[in-house]
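Chemist: below: sequence and its predicted model.
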Amino acid sequence: MLGGLTLHSSGLYFQRGSDVLNFNRRTRSHTLNGQPILARFACQLLRPTLQAHEDWTAQRFGATYRPAQFVSHRPPRLVARSLDAWRHYVRPVTINP
């Protein structure tokens with residue numbers, strides 16, 4: 001369901017057409033086709049794909065699945081500090097039966 005998006009422990013890889021976006025978690029840097037880009041631009045490129053994935057997750061597992069993961073799995077501090085930003089970045093999903 002992630003389309004051209006691959007998430008992994010060292011970052012992410014996103015391909016749309018001939019464009020390739022990479023995020024390196026260690027350096028916290030984004031590149032588009034090998035050229036550095038600003039994080040905010042990378043987030044704009046990724047948002048539709050991430051939102052589609054979150055919508056799919058909510059449809060498949062229920063609207064409480066993702067919030068429950070954040071509570072039960074105790075994410076690392078860096079992730080925990082970013083949860084409010086994530087909640088604002090990814091809009092809540094309304095599930096229609």
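Modeler: Now that the structure is in, tell me what you want to look at.

Chemist: please name the residues that touch Arg74.
Modeler: Residues near Arg74 by C-beta atoms under 8 Å, 6 or more residues apart in numbering: Ala80. Heads up, the C-betas are built off the backbone N, CA and C, glycines and all.

Chemist: so it sits in a helix?
Modeler: No: judged by DSSP: H, G, I helix; E, B strand; the rest coil, Arg74 forms no part of a helix; its state is coil.

Chemist: helices and strands around the worst-scoring helix or strand of the chain on mean pLDDT, which ones?
Modeler: Every helix and strand in the chain was compared by mean pLDDT, DSSP states H and E; the lowest is helix 77-89, with a mean of 79. Helix 77-89 sits against helix 39-61, with contacts defined as 3 or more C-beta pairs under 8 Å, 6 or more residues apart in numbering; DSSP states H and E.

Chemist: any idea how many residues pack against His53?
Modeler: Residues lying near His53 (other C-beta atoms under 10 Å) number 16.

Chemist: ok, Tyr13 next?
Modeler: Tyr13 has 14 nearby residues by other C-beta under 10 Å.
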